[in-house]
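Undergrad: The sequence and its predicted three-dimensional model are supplied below.
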Amino acid sequence: MDIAMITSGYMPVPAAMGGGVEALIDNLIRKNEQYGMLQLTVFSIDHPQAERLARTIKRTKFIFIKTPRILRGLDRLIYLAVKQLLRKSKSMSYRYILQRLHYIAKVSRYLQQNNYGKVILENNPTLFLVLKRHHNAQKYAGRYYYHLHNEITHDYGCRPIMAHCQKVIGVSRYIDRQFQAFLNDFPTKRLDVLRNCIDTERFGSADSRLKAEALRWKYHIADDEKVILFTGRLSREKGIRPLLQAYRQIKLAKTKLVIVGGAFYASDVVSDDEKAFQALVEPIKQRIVRTGFIHYADMPAVYSMADIAVLPSMWDDPAPLTVIESMASGLPLVTTLSGGIPEYADPACAVLLPRDRQFVDRLARTLTQLLTDDLQRKRMALAGKQMAKHLNIDRYYRDFVAKLTDQKEGKQHEGRDHYRRDFAGSGRPGRRS
C-alpha cells in the first residue's frame, strides 16, 4: 500500500526535536521496518539530525523540505515582533509561519507531480491547504485521510475538503466528537479511533530502572527522596501553574518535583507562561529539579526515577502520551477529567480531578496522600502496567494498517508475509527539496 504521510512542518520526523505526534509517527516507521506492510513516503521539514536518523531506515522514503535561510530569519523577526511589540498571548503560534507556508507549497507540488495511493494528513488543519492547491483534493478524492490528534478551531478555507475526507482517525472518541461538531454534519461512519501507544518494552524496563539510578545522581536526588514527575510543555494548558501552587502547599520533607520540558519542545521559544513559571519556582527552587528538554529515547529512565506522575491538564487534552507512559512505567498518575484522558486511564491507576476552583487544594491533598501511602501507590502501579500492555506499538501499527485498508485484524495478519516478501531489501534513501 503506497502512502504519503504529511507531517506538520513544525517539527521534523524522525523526531529529532521531540513532539508527541512525531513520536507516534516514529513508532509507525519503526514497525514498518519490521513488517513492511506499507510503502511509506514521509514529508518532513528538514533537520540535520532527522536526516541522519532517516539514513538508517530502509522501508520509508523521506522527503525533507529545506527552508530557505531568509525565511528562517524573517520567521524569527516576526516571532520577536509579535512577542515583544504586539504582546500577543500565544506568540508561539507565530514562530514558523513562513517556514510552514513554504513547506505546504512544496508538499502540494509533490502531490501534484506524483500519484500516491493514499494521503494522510497528520493533525494540523493547515495541511488541508496541500490538497486545496493544484486540484489535489480532486486528484486524491476518496484517498485522503485525516489523523487527528488535537481539537481544530479553524478550517483555513478548507471546510469542503475536510468534509470529504475518506476517514477521520482520531486519537479518542472525544476528539472525533469535537471534529464532528466543528463540521456540523460529518458522517459518523467515517469517524474512527486509533488509540495512542508507546513502546511498552522500554517504559518500565529493567534497563530504564538501571539508567534511572544514574539520573537521580546527576540531578542530586537522594535515594530516600520521593519524586513527583511533570513532563510536558511549560504552558498554561498543561497546568504547570496550578501544579507549582499545589506543590508549595506540600510540606513533606525529602520530596522533589522534577519538571521535564520547555515552552516548545527543543526549540528556542521562551513563552510568557514560562516567565510566570520562573517566578513561582523561585521560593521553592531548592525542592525543584528542572531538566529542560530531554530526548524521547531517554524518557523511560526519567519515568523510572519517579514515584508519582502528574499531568494537571487545564484544557481538554485529547489523548496525552504522558498518561500511557506513566502507566507503563508503573507510576500512579494524578491528572484531570479532561478531554480523552478518561478513555485511557481509570480510577484503578489514576486519580482524575475535576477542573474547578478547588483544584489546587485537591491536587496538593492528593499528592500528599499518595506520597505517604506506599500500598496505594503499588496497587495503582500494578493496575496501570496491566492497562498499558494493550497500548503497545505493535498493536498500534497493525490497527493503523487495518483502518487504512478496512481489513479485519485476522486478515491483515494473513497478508503480512506477502507484504514482507514484496518490500524485503528495498532501501529507500531520504531526499531533500
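TA: Structure's in. What do you need?
Undergrad: and stretch 48-64, which residues are buried?
TA: Under the neighbour-count criterion of 16 or more other Cβ atoms under 10 Å, stretch 48-64 has 50-51, 53-54, 57-64 buried. Bear in mind the C-beta positions are built from the backbone N, C-alpha and C, glycine included.
Undergrad: Tell me the one of these nearest Met5?
TA: Thr60 (8.8 Å; Cβ to Cβ).
Undergrad: so what's the backbone phi/psi at that closest one?
TA: Main-chain torsions, Thr60, degrees, to the nearest 10: phi -130, psi 130.
Undergrad: before we move on, back to that, can you pick out the ones from the buried residues of stretch 48-64 that are in strands?
TA: Of those, the ones assigned to strands by DSSP state E are 60-64.
Undergrad: tell me which of these is nearest to Pro14?
TA: For these, the nearest to Pro14 is Phe62 (8.1 Å; Cβ to Cβ).
Undergrad: Was I right to think that closest one contacts Ala54?
TA: Yes - using Cβ atoms under 8 Å, Phe62 is in contact with Ala54, at 4.3 Å.
Undergrad: The protein: strands as residue ranges?
TA: Using DSSP E, strands in the chain cover 2-6, 39-45, 60-65, 118-122, 144-148, 167-170, 191-193, 226-231, 255-260, 288-292, 308-311, 333-336, 350-353, 431-432.
Undergrad: Which other helices and strands does the second one contact?
TA: Just to be clear, that refers to strand 39-45. With contacts taken as 3 or more Cβ pairs under 8 Å, 6 or more residues apart in numbering; DSSP states H and E, strand 39-45 sits against strand 2-6, helix 20-35, strand 60-65, helix 97-113.
Undergrad: Report the angle between it and strand 60-65.
TA: 20 degrees (axes from the mean of the first three to the mean of the last three Cα atoms, to 10 degrees).
Undergrad: Please name the strands paired to strand 39-45 in the sheet, noting orientation.
TA: strand 2-6 (parallel), strand 60-65 (parallel) (DSSP bridges).
Undergrad: Leu71: what's its closest spatial neighbour, skipping adjacent residues?
TA: Leu98 (4.4 Å; Cβ to Cβ, 6 or more residues apart in numbering).
Undergrad: Now the strands paired with strand 39-45 in TSV, please, with extra columns for distance to Val82 and mean pLDDT.
TA: As requested, the strands paired with strand 39-45 are arranged in TSV below (distance: least, Cβ to Cβ, whole Å; pLDDT from 0 to 100):
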stretch	distance to Val82	mean pLDDT
strand 2-6	26	97
strand 60-65	24	98
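Undergrad: As TSV, those strands with distance to Ala222 would be great.
TA: TSV is the format used below for those (distance: least, Cβ to Cβ, whole Å):
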stretch	distance to Ala222
strand 2-6	45
strand 60-65	44
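Undergrad: right, and those - which one's nearest Leu363?
TA: Of all these, it is strand 2-6 that lies closest to Leu363, at 38.2 Å by Cβ to Cβ.
Undergrad: follow-up on the earlier one: mean pLDDT lowest for which of the strands of the chain?
TA: Comparing mean pLDDT across the strands of the chain, the weakest is strand 431-432, with a mean of 56.
Undergrad: Return the distance of Tyr79 relative to Tyr94.
TA: Tyr79 sits at a distance of 5 Å from Tyr94 (criterion: Cβ to Cβ, to the nearest Å).
Undergrad: Among the two, which residue is more densely surrounded?
TA: Taking other Cβ atoms under 10 Å, Tyr79 and Tyr94 do not tie; Tyr79 has more neighbours (20 against 16).
Undergrad: And Asp272, what's its pLDDT?
TA: On the pLDDT scale, Asp272 is placed at 58.
Undergrad: what residue ranges in the protein are flagged as low confidence?
TA: For the chain, applying pLDDT under 70 flags the ranges 86-93, 262-276, 407-433.
Undergrad: rerun at 90
TA: Scanning the chain with the threshold set as pLDDT under 90 gives 1, 10, 17-20, 75-76, 78-96, 185, 232-236, 261-285, 292-297, 405-433.
Undergrad: How about Thr174: what's its closest non-neighbour residue?
TA: No, residue 174 isn't Thr; it's Tyr. Nearest residue to Tyr174, sequence neighbours excluded (Cβ to Cβ, 6+ apart): Gly340, at 4.0 Å.
Undergrad: Count the residues that sit near that neighbour.
TA: Neighbours around Gly340, by other Cβ under 10 Å: 24.
Undergrad: Quick check: nearest residue in space to Ile152, chain neighbours excluded?
TA: Pro125 (4.6 Å).
Undergrad: neighbours around the one you found, how many?
TA: Pro125: 21 neighbours (other Cβ under 10 Å).
Undergrad: I figured it hits Glu151, correct?
TA: No - taking contacts as Cβ under 8 Å, Pro125 lies outside contact range of Glu151: 10.0 Å.
Undergrad: before we move on, the earlier item: list just the nearest of the buried residues of stretch 48-64 to Ser108.
TA: Ile63 (12.5 Å).
Undergrad: Next, work out how far apart Gln84 and Tyr94 are.
TA: Relative to Tyr94, Gln84 is positioned 12 Å away (Cβ to Cβ).
Undergrad: Please disregard the earlier target; I meant Thr335.
TA: Distance, Thr335 to Tyr94, using Cβ to Cβ: 30 Å.
Undergrad: Could you do Gln34 as well?
TA: Distance from Gln34 to Tyr94, counting by Cβ to Cβ: 40 Å.
Undergrad: likewise Ala105?
TA: Here the criterion is Cβ to Cβ. By it, Ala105 lies 19 Å from Tyr94.
Undergrad: ok, back up a step: next, format the strands of the chain as TSV and append distance to Gly384.
TA: Shown next, in TSV, are these (distance: least, Cβ to Cβ, whole Å):
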stretch	distance to Gly384
strand 2-6	31
strand 39-45	32
strand 60-65	32
strand 118-122	28
strand 144-148	26
strand 167-170	23
strand 191-193	21
strand 226-231	14
strand 255-260	19
strand 288-292	23
strand 308-311	9
strand 333-336	7
strand 350-353	7
strand 431-432	42
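Undergrad: quick one: which of those is nearest Asp155?
TA: strand 144-148 (11.9 Å).
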